[in-house]
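Undergrad: How does the following fold in three dimensions:
(2 chains)
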Amino acid sequence: MRARILRVLPFAAFVLAAGAIAQQGPSTMPVDQVRPGMTGYGLTVFRGTEPERFDVEVVDVLHGFRPDQDLILIRTPHPTLEHARAVGGMSGSPIYLEGKLVGAYAYGWPFGMDPIAGVTPIANMTAEMDRPYRPDSFPGARELALGPPRARSARSAGYDRRRLAGLPAYRGDRTDAFGPLRAHLAGRTPPAEGRMRPAATPLMLGGFTDRVAAMLGDEMEAMGWVPLQGGGGRRAPQVDTERRFVDGGAIGVQLVRGDISATAIGTVTHVGTGRRLVAFGHPMMNAGELGLPTATARVLHILASTARSFKIAEATAPLGTLVHDRQAAIVVDTGLEAATIPMRLKLNGLVQPPRDEWNVELASHRVLTPTLIFSTLANAIEASSSDKTDVMFTARYTVTIDGLDPITLEDHGYMGAGPGDLRALSGLRLFDLMEIAYGNAFEPTRLTAIDLELDLEFGDETLTIVEASVPTQEVDPGSTVEVRVRMRRYDESEVVRVIPVRIPERLAGESVKIELNPGSRVGVEHAVPRNLQDLVNRVYESYDATAVVAELKMPSRGLRFPGHVVRSLPRGALDALTRQSGTEPGRPFVTQVRQSVDVGHVVQGSADLTLDVRERPRHR
Amino acid sequence: MTFSRRALVLTAVSAALSATLASLPAEAVSTRQFRLDDAGDFDAGELEGAMVRSDGAVVPGITTTRLALGDEALAYAIARGPGGAVYVGTGDAGKIYRVRGGEVAPFAETGQLLVSALAVAGDTLYAGTLPEGRIYAIALGDGAVRELVKLPDTEHVWALVWNGQRLYAGTGPEGKVFAIEPGGAASVVYDAPQGHVLTLALDGEDLYAGTDGEALVYRIRGNQVSVLHDFEGNEITALDAAGGVVAVAANEMPAPRPVTSSSSSSTSRTKARSTGKGRLWRVSADGRAERLFRDDDEHFTAVQVVGEHIFVGTGKEGRIHRIGPGRTRATYVDVDERQVTGLALDGDRPVFVTGDSAAFYRAGQAQGEEATWTSKALDAGFVARWGRLDWRGEGPIRFRTRSGNSEDPNETWTDWSAPMASPGPVRSPAARYLQIRAELGAGAVLRASQAFYLPQNQRANVSNVRADARGSDPDNPPSPSSRVKIQWSVDNPDGDDLRYRLRFRAEGQERWRPMFDEDVEVTDSHYTWDTSGIPDGWYVVQVEASDENENPGPLTLRDVRASEPFLVDDHDPTVELTLRGGNLAGVARDAMGPIAKLEYAVDGGDWHVFFPEDQLLDEATERFTVDLGELEAGPHVVAVRATDAAGNAAVAEIEGPAGAAPQNP
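TA: Numbering: from 1, shown residues only, chains lettered A, B, ... in the order given. Predicted coordinates for the structure are as follows:
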């Protein structure tokens, strides 16, 4: 049933789009005509969907606030704003002086004592409204007037930049759910204390548990977004203003929608005569062409707070795509339906959970999507089972990436503090696939669907490596040594598994160390990827968490080349293959001989032992 | 006419010169010469169609024609096919090229990293590869590639030989020799305890296999395996066998460098690394192993027996050496690439291939003046005027020279001079560096060459002139002495012999006086000066360095440097005493001062320190009174010793009345 609703929504958006472009633009006042003491009004939604006026008085104009952008300082002597001061979610509220649109309420000072706000001049915003976007920028998005999805075109520099989201291309190293977001945040400069900053954008979370909401808050607060518990936005539109955008009306940027939702709330500044509108008066991520889905929104309440005041709101009807995320405004194209990623999540192994299947649509963005997937996953688990006990999990998932066969993987893990202990889940190889889809350096592609089943099994079924031993410490070169691995299992007798490890003859006379590790901890040497498929192959080339891997470090080196890994090179050949006349020589690594055994349970712990290899076999 | 295009990369020239060529004082004290007269001297230069023999002669050798092999990084294997075709196995894309005449064309692709071994059998080319241990059979007619076998437990196929019936493969990393039937069935002929069988050679019924880890050569005859020889080093990189003679390239390769995160991820160009040491051996039919040639600067990468000669390719400088009967050696070829990786120098069309980067070379006999030898840039140390260029040899030889002031010859150097058919003055202008080139005609033999030069004289610089006088330390007066050690530093850029003259003057005077006579020749940078003949006072000394012993008068250069003023105080203070009752009074005086210490002793007893009247030892004249206390009745002798800051001391005595009553001060 849920999936059906989701399928209907885009159609509804198409119908609503026609009504979205209803307003003619008012006359505007350029910033050089603004004088201190001028009075006027602003429009914003205090409750519901109808914008209401609030009085404003110009304090002064701050020139050169941003490159080519001034800032009008206003006082807002409104009964609500007098004590709420700068309100998150009001960003974009149009401000009128002498009946002319002068700009958008956009900036405030943290901990300001007065209801003073900064207004982004309307000229800067309307300049963005007319800005074209590159034709390749929104693969998968649908022109509502035309119907079929936008074709994925050939490579273009513009496309690549949007896809990489300002991060380096993905080279195949392991990542996790928060890797791209944290890399993105690491490159941001936090605003200095006392600097005027954009009014915080409330990120209304619907259907999230407190813990996951807090986690999301921790991760996203540095973006200027403040997660707040809100509604799920599943209420059908009741009135006309819930189906279309109006000047001063609420607008949501939908990062997740469906069984849970995450919507960034702001205010529409002005709906243009075409199919575009401008909002926010400041950037959302300052990411340029962005392609996130947008929606109309309904305000439930303005929450006044000494720290930060916010609108509490929820999305009402999906409509349009955020096409430009710029310094002065976000620009929404109401005739374009953003491509989203449908994700189905099925939980197995829980007894009568309130819900065992979750369907969501995720905004598609390299930085945001992995964190949103993880949040969805974490939220579903915690909402279904808050037990604080050991849980084993098996994640089976299929990821569909344009241009590749569907990729199906299975990961195993252990959550020591119950389903809420989510760290293990953040390391799913699913997140490597996300980076491949968005950040690969080879060809444009797109993540189109995720289907994930998570089997949960209560109890500690892990095996912890306690000890490794061999019959004798002195071994023959060329012999096979039986490494006895003793593992402890909770409330069960110990398990002993034998891993036969062949001692290469070339180790004669050497002292060698054998390390025993869980497969999840073993890093495999991969070929330097040459194409998209090579990157995907790297994801497959790994040991399962249920494997015990014996690693024997060899004195020889290997080299990684594009498409090939060559191990155990003799010194002369190593020298020959390490070219000095090129710029991409083979990349050296220490050769490891590995032998693994699957023990059927997630393995933890590690052990090592040292063997002395005889110069010559005793009986040879 | 084709030449090698090797760039003249010259490093550490001045350091190398001392080891590779003579730069000796000649008859005139300032004239020097570059003398190049042995194989090491000539090997340091560049060869184009010439070769350097181990007896120190340069003779016309071969010229080379280079053919590029696409964009490949290295060529690693070479095999002759029918119809004059030569096949070359390459990496890093696992391709095989065919060279026919002057035409190079891609022939087959294996999809592997490297085609590491090739063997031709009838109309089939066999290609061994890595890193998956696969061998491919490729039809010579159309280049159709078929996987013959993937060898078990094998990642590397290092060598292939065909014995007329089956293929043998030397492999790694398990050190196995496989026999492979034409249908692809593989069996292990020998499983060596070493990790890799890197090279194979067939001679009659004997199959020879060289290994890494331990530099062993095995002889495999049917089912019998024996060690032919255990060589010094850790790797048999190449071997060849013919007529009962086995030629072996045994190397001592350095341990690989540690792997760091930067080295494992870096894509920047790496610097040249130190490679191994190479040894070339010949094992006779009777099993006697004889070392033919050693090179501690580079290892050997390929070897081939051609008639009575053995050729060996090198892994750092891209050379081929030819070793003839009597262990005579010649540097046969010198190419731009770093490594010579495969040799096929037999027959009338000798060829070879290289790695880093990949190239195919044809070799041909040098004709006429195609043969040249060019010295490295010879460093005179300073700008020099060139003298005569002389040489010793036979046959048609012409010389050219050029000069410049940069270590690497570049566009700032002069052009090559007109050829000199007979010895004479160098025609290149004065400069710091000189390069000479010999053009060898047919039958020419160059045995030695020398170039004279006069480097511009360089002034020695004297600095840090210091006098190790006794000093003046009131707290710790030094032992008295009248000898002052004068020391100085000198920077002598051209190493001329220097003599020093020292002068002194009292501070405040202007005229310098010589410290010693002109016939005293001081050549060390220190001198001990006896100051007993001069008054106490503050003095300055001056050191003059002169290179007159090495340069005639007009060219002599001098440098002069003076010291800081220092104190000469060789004279004792004086002491005057009076004694009234038990009260001793007096005055101590010194010419330079200050008085550093006052002591008294009664009747030859212990010395007791006392202070002057003002309690401060800070002046050249100090008055004092001492209450001697209660003395026994009878006459007493009281002595006072005064010591100045330079350590000079004087003692005065006075005899007083007996039984003086004690008094309080």
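
Undergrad: If you drop the residues flanking it in sequence, what lies closest to residue A:615?
TA: residue A:509 (4.6 Å; Cβ to Cβ, 6 or more residues apart in numbering or on different chains). C-betas here are computed from N, CA, C, even on glycine.

Undergrad: What parts of the stretch 101-250 of chain B come near chain A?
TA: B:112-114, B:116, B:130-131, B:155-156, B:158, B:172-175, B:192-196, B:198, B:212-213, B:234-235, B:237 (Cβ under 8 Å from any Cβ of the partner chain).

Undergrad: Domain ranges for chain B, per the record?
TA: For chain B, the domain assignment from automatic domain parsing gives the residue ranges B:13-42+B:371-455, B:62-257+B:292-365, B:461-568, B:574-656.

Undergrad: can you tell which of those domains is closest to residue A:592?
TA: Residue A:592 sits nearest to domain B:62-257+B:292-365 of all the domains of chain B, at 12.3 Å, using Cβ to Cβ.

Undergrad: Distance across that closest one, terminal residue to terminal residue?
TA: Using Cα to Cα, to the nearest Å, one end of domain B:62-257+B:292-365 lies 4 Å from the other.

Undergrad: same deal with stretch B:596-614?
TA: Counting by Cα to Cα, the terminal residues of stretch B:596-614 are separated by 14 Å.

Undergrad: near chain A, which residues of the stretch 451-600 of chain B show up?
TA: So the stretch 451-600 of chain B never meets chain A (Cβ under 8 Å from any Cβ).

Undergrad: Pick out the residue in the stretch 451-600 of chain B sitting closest to chain A.
TA: Using Cβ to the nearest Cβ, the single residue of the stretch 451-600 of chain B nearest to chain A is residue B:451, 33.9 Å away.

Undergrad: picking up where we left off before, how close does the residue nearest to residue A:615 get to residue B:651?
TA: With the distance defined as Cβ to Cβ, to the nearest Å, residue A:509 ends up 80 Å from residue B:651.

Undergrad: Spit out the contact partners of residue B:259.
TA: Residues in contact with residue B:259 (Cβ atoms under 8 Å, 6 or more residues apart in numbering or on different chains) are A:557, A:588, A:589, A:590.

Undergrad: Double-check that it belongs to a helix.
TA: No. Residue B:259 sits outside any helix when classified using DSSP: H, G, I helix; E, B strand; the rest coil, being coil.

Undergrad: burial of residue 551, as a residue count?
TA: Assuming you mean chain A. When neighbours are counted by other Cβ atoms under 10 Å in any protein chain shown, residue A:551 registers 19.

Undergrad: hm, I was asking about chain B
TA: 17.

Undergrad: Could you report the pLDDT at it?
TA: We note a pLDDT of 83 for residue B:551 in this prediction.

Undergrad: Is it in contact with residue B:496, as I believe?
TA: Yes. Applying Cβ atoms under 8 Å, one finds residue B:551 in contact with residue B:496, separated by 6.8 Å.

Undergrad: Pull up the overlap in contacts between those two.
TA: Common neighbours of residue B:551 and residue B:496 (Cβ under 8 Å, 6+ apart) are residue B:457.

Undergrad: For residue B:53, give its distance to chain A.
TA: 28 Å (Cβ to the nearest Cβ, to the nearest Å).

Undergrad: Run through the bridge partners of that residue.
TA: residue B:330 (DSSP bridges).

Undergrad: Tell me who's in contact with residue B:88.
TA: Residue B:88 neighbours (Cβ under 8 Å, 6+ apart): B:69, B:75, B:77-78, B:96-99, B:118, B:342, B:353, B:358, B:360.

Undergrad: Where does the residue nearest to residue A:615 sit, in terms of helix or strand?
TA: Here residue A:509 sits in a region with no helix or strand, counting by DSSP states H and E.

Undergrad: same thing with residue B:97?
TA: Assigned by DSSP H and E, residue B:97 falls in strand B:95-100.

Undergrad: And for the very next helix or strand once past that strand, what's in contact with it?
TA: As assigned by DSSP H and E, the chain's next helix or strand after strand B:95-100 is strand B:103-109. If you take Cβ under 8 Å, 6+ apart as the criterion, strand B:103-109 is touched by B:67-70, B:87, B:93-99, B:125, B:127, B:136, B:138, B:143, B:145, B:360.

Undergrad: ok, now with 10 Å
TA: B:67-70, B:72, B:81, B:85-90, B:93-100, B:115, B:125, B:127, B:136, B:138-140, B:142-145, B:359-360 (Cβ atoms under 10 Å, 6 or more residues apart in numbering or on different chains).

Undergrad: Of those, just the buried ones, ChimeraX syntax please.
TA: Here is the ChimeraX command that selects the buried residues among those (16 or more other Cβ atoms under 10 Å in any protein chain shown):
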select /B:67,69,72,81,85,86,87,88,89,90,93,94,95,96,97,98,99,115,125,127,136,138,140,145,359,360
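
Undergrad: Can you classify the nearest residue to residue A:227 once chain neighbours are set aside by secondary structure?
TA: Nearest non-adjacent residue to residue A:227, counting by Cβ to Cβ, 6+ apart: residue A:217, 4.1 Å away. Put simply, residue A:217 is helix when judged by three-state DSSP.

Undergrad: now residue A:436
TA: Residue A:436 is classified as helix under three-state DSSP.

Undergrad: Strands - which of the contacts of residue B:259 land there?
TA: A:557, A:588, A:589, A:590 (DSSP state E).

Undergrad: For the last one, give me its contacts.
TA: Neighbouring residues of residue A:590 by Cβ under 10 Å, 6+ apart: A:525, A:553, A:554, A:555, A:556, A:557, A:558, A:567, B:256, B:258, B:259, B:264.
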